[in-house]
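In: Give me coordinates for this.
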Amino acid sequence: MARNTNRNKAWKYYLKNKGKVTLKAIAAKFGVSESTIRRWKKEDRWEDEQPSSTRKKKTVRGSPQKALKKTVEFELITSNGLNDRQLFFCMYYVKY
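Out: Okay, here's the model as predicted:
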């Protein structure tokens, strides 16, 4: 399949405008759909050709920080017939 000539023209138009033109405007100018322009932009890595000042910063998805583990401190007490796990459960339940 031959490469669409509008693809190179759209890329040059995007570079000429330093990435400040919308994909919708490029699509209207070259008579293709916006999704086609989006696909060309991704496949040809148009963002890599832009100077770093006009390139958008990539955001990291997900949690920005790992969840901190909480530490729990308890006083040691004696129990009547409870094992360590049962005692720990009771102390945790009362505290929280």
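
In: which stretches of the chain have low pLDDT?
Out: Under the criterion pLDDT under 70, the flagged ranges of the chain are 1-2, 49-70, 72-77, 79.

In: Would you state the helices of it in chain order?
Out: With DSSP state H, the ranges of helices along the chain come out as 5-16, 23-30, 34-43, 84-95.

In: Determine the angle, from 0 to 180 degrees, between the third one and helix 23-30.
Out: Calculated by axes from the mean of the first three to the mean of the last three C-alpha atoms, to 10 degrees, helix 34-43 forms an angle of 110 degrees with helix 23-30.

In: List the buried residues of helix 34-43.
Out: 36-37, 40-41 (16 or more other C-beta atoms under 10 Å). Placement of C-beta: from N, CA and C, glycine included.

In: As TSV, those residues with distance to residue 8 would be great.
Out: Formatted as TSV, the buried residues of helix 34-43 follow (distance: C-beta to C-beta, whole Å):
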residue	distance to residue 8
36	14
37	13
40	10
41	13
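
In: Show me which of those is closest to residue 11.
Out: Residue 11 lies nearest to residue 40 out of these, by C-beta to C-beta, at 7.1 Å.
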